[in-house]
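> dropping a prediction and its sequence here:
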Amino acid sequence: MASFTAGYKLSCMPVSRLLVASAPLAFFEQIHSLHLSHPFFLASTRNPRCGSLIASAAAGPKRLLGSLTISSISLASTGNPQCGSLIVSAAAGPKRLLGSLTSTQGLKFAVVVARFNEIVTSLLLEGALETFRRYSVKEEDITVVSVPGSFEIPVVAQKLGKTGAYDAIICIGAVIRGDTTHYDAVANSAASGVLSAGLSSGVPCIFGVLTCDDMDQALNRAGGKSGNKGAEAAITAVHFQDNQPALHSGPVCNNMVPLIA
Ligand SMILES: Nc1c(NC[C@H](O)[C@H](O)[C@H](O)CO)[nH]c(=O)[nH]c1=O
Ligand SMILES: CC(=O)[C@@H](O)COP(=O)(O)O
């Protein structure tokens, strides 16, 4: 997955079945391995302030234009610059929303992290913070609150959510099975508690709590061979914002014109 410097908002305007994608030129310079197999043409934006992606792969050889490797591209337009998004679909496979390059400017996140099994949760936390950095989230827009254990995460997540100050709350912990059934109590309470915190506050509470049989499993998911669940939670939090315009009562992207079914 490309690591976009996603501090930009893509404002798209429909051009028949294709869109004019525009963003600061620096953004497009980040794209370096887009591999397109179908001829298609993206016109340049008419917005003088933004660079544009002008790509044509008409009859000639395939061109590397960016970092998305897909069989073909169909872009959907919101028509509303407030919520541009790049919706790509792999023509051969099921059409789906693969992700939206959206601005993280102004978004505020909280991270609730359990200290229990800190050898693991500190790695999860770093994964989340590094991901936020990659998505250009400012440090001053991130609040980290630590709690004793995963059992205490939900109450803090709910309190933070009810402040209305955050766009999403990431909940990080590591529940590792011991000799008794205490594991089940903690793991189940953390999961249902985080769910409840999100539902009661109306703020997305992202579940980044590992529930593992042993320490190896946990470490493998905190930056080992199975990735970093803290980083994944941050990505979820950022991309969750793409749906927000449609969920808010404020100005909505009601003229989103998805070209995908
Ligand atoms: N065993 C684990 C715990 N246990 C502590 C609880 O989370 C809680 O702090 C305690 O029961 C007091 O309320 N916490 C974890 O996060 N991970 C564990 O493996
Ligand atoms: C998840 C737990 O609470 C667990 O680590 C506690 O260990 P034990 O079941 O051996 O008391």
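Happy to help now that I have it. Residues are numbered from 1 along each chain as shown. Ligands and ions are numbered 1, 2, ... in the order given.

> switch to C-alpha atoms for all contacts and neighbour counts from now on
Fine.

> give the contact list for residue 197.
154, 155, 157, 158, 161, 205 (C-alpha atoms under 8 Å, 6 or more residues apart in numbering).

> and it, helix, strand or coil?
helix (DSSP: H, G, I helix; E, B strand; the rest coil).

> from residue 156, how far out is it?
For residue 197, the distance to residue 156 (C-alpha to C-alpha, to the nearest Å) stands at 9 Å.

> same question, residue 113
From residue 113 to residue 156 the distance is 10 Å (C-alpha to C-alpha).

> these two - which one has more neighbours?
Set residue 113 next to residue 156 and count neighbours by other C-alpha atoms under 10 Å: residue 113 wins out with 30 against 19.

> quick check: the more buried one is in a strand.
Yes - assessed with three-state DSSP, residue 113 lies in a strand.

> that one is in contact with residue 125, isn't it?
Yes - between residue 113 and residue 125 there is a contact under C-alpha atoms under 8 Å: 7.1 Å.

> identify the contacts common to these two.
With C-alpha under 8 Å, 6+ apart as the test, residue 113 and residue 125 both reach residue 172.

> for stretch 136-155, what is the average pLDDT?
Stretch 136-155 shows a mean pLDDT of 97.

> give me the buried positions along that stretch.
Within stretch 136-155, the residues that qualify as buried are 136-138, 142, 146-147, 149-155, counting by 16 or more other C-alpha atoms under 10 Å.

> what do you get for stretch 160-167?
Result for stretch 160-167 [16+ other C-alpha under 10 Å]: buried residues 160, 161, 162, 166, 167.

> show the average pLDDT along that stretch.
Per-residue scores along stretch 160-167 average to 98.

> what sits up against that stretch?
Applying C-alpha under 8 Å, 6+ apart, the contact partners of stretch 160-167 are 107-110, 168-169, 197-198, 201-204, 241.

> sorry, back to before: so which of the buried residues of stretch 160-167 is the closest to ligand 2?
residue 160 (24.7 Å; C-alpha to the nearest ligand atom).

> am I right that that closest one sits in a helix?
Yes - under three-state DSSP, residue 160 sits within a helix.

> so how far is ligand 1 from it?
19 Å (C-alpha to the nearest ligand atom, to the nearest Å).

> cool, residue 212 as well?
Taking C-alpha to the nearest ligand atom, one finds residue 212 at 8 Å from ligand 1.

> isn't that residue right next to residue 218, touching?
Yes - counting by C-alpha under 8 Å, residue 212 does reach residue 218; the two are 5.9 Å apart.

> which of these two has more residues huddled nearby?
When residue 212 is set against residue 218 and neighbours are counted by other C-alpha under 10 Å, the residue ahead is residue 218, at 26 against 18.
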